[in-house]
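Enquirer: okay, here's the prediction I keep looking at, along with the sequence it came from:
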Amino acid sequence: MHYKNLGNSELKVSSYCLGTMTFGETTEEDDAHLQISESLAKGINFIDTAEMYPTCPIRKETSGRTEKIIGRWLYKNKEKRSNLILATKVVGNGFKFIRDGGPINGAIIKEALHGSLKRLKTDYVDLYQLHWPNRGSYHFRAYWNYRPEKQDSVRSKNEFLEIISALADLKKEGLIRAVGVSNETCWGVMKLNEVIKKEESICIASIQNEYSLMCRLFDYDFNELAINENIPLLAYSPLARGMLTGKYMENKIPEGSRLSRDDKIRKIVNDRSNLAVKAYYALALKYEIDPIHMALAFCNERPFMGSVIFGATDVTQLRRILKGIDIKLNSEINEQIKRIHKDFPLTF
């Protein structure tokens, strides 16, 4: 397992990160605890969660359950806390199940963090992330109708000042070690970074956005920002919500799968996405690589990557993933990936 500093922070994270958004919904607690233990045994020291988890579907009655499940594991394994990089998120604007969907501000950040600390049964969070920008986001297929000209940029900049001030206070109190953003735009990260550079004790350590063979928006302007400002990507959905496993080929939606439980994301399966998945799947088989391992290795080898966040419904899926975490792709495979990407640059 390879480890690297996350941006300019003091956090040293593994190349892969255990995502937990299924814990407490489709993943039972005993299985979740086993996943944490087995991931750590394989050298993964990084766990990502959020105050709103679990998802698929998102429900009011389950919000916060994932953090509680992780907290009970931490309580039973106190001696391992110092070796673990634990990341969580404040949910932000529009999520009506928590704090009536109010926007992120200084007071909300402090309230949300203390709630997370209580559920996680820990005294501090290593990486505290802003889950959504208040002004909106183009992620999760919203880029087709994203309208930044309707934003109030002055208001946004004032919010940035308040948010960064609150985060800097929490860092000084020892409650967080670093700050990250999620589902952000290039402009948003740039402006937040301008503000945070005035604080001596804290930095933006990471950007958690979607990235996979099927979704490569980060390759463009974000690529340049991430490298030059040293704010690496934490890639979520590196398997394109399971599409790159091949289980949804030919428009199949297996019972119990993520797409079977969440109507909102089912539309990612279409004729063009099927063609792209078939091409990547065939390429992996040609080189006798598990398609899952090829998809994850591709993300891991990107020059702007901080860590690749994967999730598993159960420990059987986790073990399959862990078998391939040391795989590297040769130049021939990468060249053929480029060709497929040119044919299918954006399929959903």
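Expert: Arrived safely, thanks for sending.
Enquirer: spatially central residue in the chain, please.
Expert: For the chain, the residue nearest the mean C-alpha position is Y236 (3.7 Å; Cα atoms, centre = their mean).
Enquirer: next up, the contacts around it.
Expert: 19, 48, 208-211, 309 (Cβ atoms under 8 Å, 6 or more residues apart in numbering). Where C-beta positions appear, they are placed from N, C-alpha and C, glycine not excepted.
Enquirer: mind running it again at 10 Å?
Expert: With contact set as Cβ atoms under 10 Å, 6 or more residues apart in numbering, Y236 has these partners: 17, 19, 21, 48, 139, 182-183, 208-212, 215, 308-311.
Enquirer: bridging residues for it?
Expert: When assigned by DSSP bridges, Y236 has beta-bridge partners E210.
Enquirer: what distance do you get for it to K172?
Expert: 29 Å (Cβ to Cβ, to the nearest Å).
Enquirer: now stretch 243-252: average pLDDT?
Expert: Averaging pLDDT along stretch 243-252 gives 84.
Enquirer: so what's R216 closest to, chain neighbours aside?
Expert: H341 (6.7 Å; Cβ to Cβ, 6 or more residues apart in numbering).
Enquirer: now that neighbour: which helix or strand?
Expert: Using DSSP states H and E, H341 maps to helix 331-343.
Enquirer: again with T316
Expert: Judged by DSSP H and E, T316 forms part of helix 315-322.
Enquirer: please apply the same query to S116.
Expert: helix 106-120.
Enquirer: repeat that for G256.
Expert: Per DSSP H and E, there is no helix or strand for G256.
Enquirer: go on, Q208?
Expert: strand 204-210.
Enquirer: what does whichever helix or strand comes after that strand rub up against?
Expert: Next along the chain after strand 204-210, taking DSSP H and E as the criterion, comes helix 221-228. Identification of contacts with helix 221-228 by Cβ under 10 Å, 6+ apart yields 7, 184-187, 189-190, 193, 206-207, 209, 211, 216-218, 231-233, 302-306.
Enquirer: on that earlier part again, who touches the helix holding H341?
Expert: Under Cβ under 10 Å, 6+ apart, the answer for helix 331-343 is 213-214, 216, 219, 272, 275-276, 278-280, 282-284, 286-287, 289, 294-295, 297-298, 301, 329.
Enquirer: would you list the buried entries among these?
Expert: 213-214, 216, 276, 279-280, 283-284, 289, 294-295, 297-298, 329 (16 or more other Cβ atoms under 10 Å).
Enquirer: which of the residues in the worst-scoring helix or strand of the chain on mean pLDDT are buried?
Expert: Lowest by mean pLDDT, DSSP states H and E among the helices and strands of the chain is helix 258-261, with a mean of 74. For helix 258-261, burial by neighbour count (16+ other Cβ under 10 Å) applies to 258-259, 261.
Enquirer: and the next helix or strand after that helix, what does it pack against?
Expert: Per DSSP H and E, the first helix or strand lying C-terminal to helix 258-261 is helix 271-286. Secondary-structure packing of helix 271-286 (3 or more Cβ pairs under 10 Å, 6 or more residues apart in numbering; DSSP states H and E): helix 291-300, helix 331-343.
Enquirer: of those, which approaches Y75 most closely?
Expert: Nearest to Y75, of all the helices and strands packed on helix 271-286, is helix 291-300, at 30.6 Å by Cβ to Cβ.
Enquirer: what angle do the closest one and helix 271-286 make?
Expert: 100 degrees (axes from the mean of the first three to the mean of the last three Cα atoms, to 10 degrees).
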